[in-house]
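In: no FASTA, just this:
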C-alpha cells in the first residue's frame, strides 16, 4: 500500500509505503526527488501519521544541514581568497551542535574547522568574523598573538562582531 502526500512547490513529495515485512521500524529516504517513508503495515493510522511526521522532519533537517554545510564551505573559500590572500588551509568547515561555550574551533594539525550552530542566528558579518578567525588558525602559528590578530582583524567589522558576540553570550540566549 502506498500513499503520496502533496507538498508545497519547494518541498519534495512524501510517499508512504506500508510494508507487511516491517515490524517496528520506520525508515525515510530521498528517492528520485521525493521522500519515501516505509512503515509497518500493522501500524495504526494515528501512529503512522505521527511516525511519518517525525522521520520526514528529521530527514528534512539532514538535507538542510547538508546544503548549508556546502554553503559554509563556499563561504570559507570566498573569505580566504578575499581577506586572507588564499593562505588558509582548511580541509573541512562544518556546523556542529555540541559547542555551547565556544563559537568555533580549529584543529590546526588537520585544518578542520567547526562552527557552533548558534552562529546560524547571527548577522553575516559576525559569522564572517568567526570564520576568518578560525581560518587564520590554519596558517598563523602560536595562537592568539599580534600576527594572528593582524590577519583576523581583516574581517569586515571585526571589532563590532566581537562586541556582538560578547553581548549575545551575555544577554541574547535567554539568560
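Out: Nice, thanks for sending it over. Bear in mind the structure is a predicted one, so any value in this text is a computation, not a measurement.
In: Buried residues in the lengthiest helix in the chain, which are they?
Out: Using DSSP state H to define each element, the chain has its longest helix at helix 45-84. Residues 48, 51-52, 55-56, 59-60, 72, 75-76, 79-80, 83-84 are the ones in helix 45-84 that count as buried (16 or more other C-beta atoms under 10 Å). The C-beta positions use only the backbone N, C-alpha and C, and glycine is treated the same way.
In: and what of stretch 98-114?
Out: Buried residues in stretch 98-114, counted by 16+ other C-beta under 10 Å: 99, 103, 104, 106, 111, 112, 113, 114.
In: neighbouring contacts of it?
Out: 76, 89-96, 115-119, 130-131, 133-135, 137-138, 165 (C-beta atoms under 8 Å, 6 or more residues apart in numbering).
In: Next: stretch 157-174.
Out: 103, 118, 122-123, 125-126, 128-130, 132, 152-153, 155.
In: in what helix or strand does the residue nearest to residue 137 when sequence neighbours are not counted lie?
Out: Excluding its sequence neighbours, the residue lying closest to residue 137 (C-beta to C-beta, 6 or more residues apart in numbering) is residue 106, at 3.9 Å. Taking DSSP states H and E as the criterion, the element that holds residue 106 is strand 104-107.
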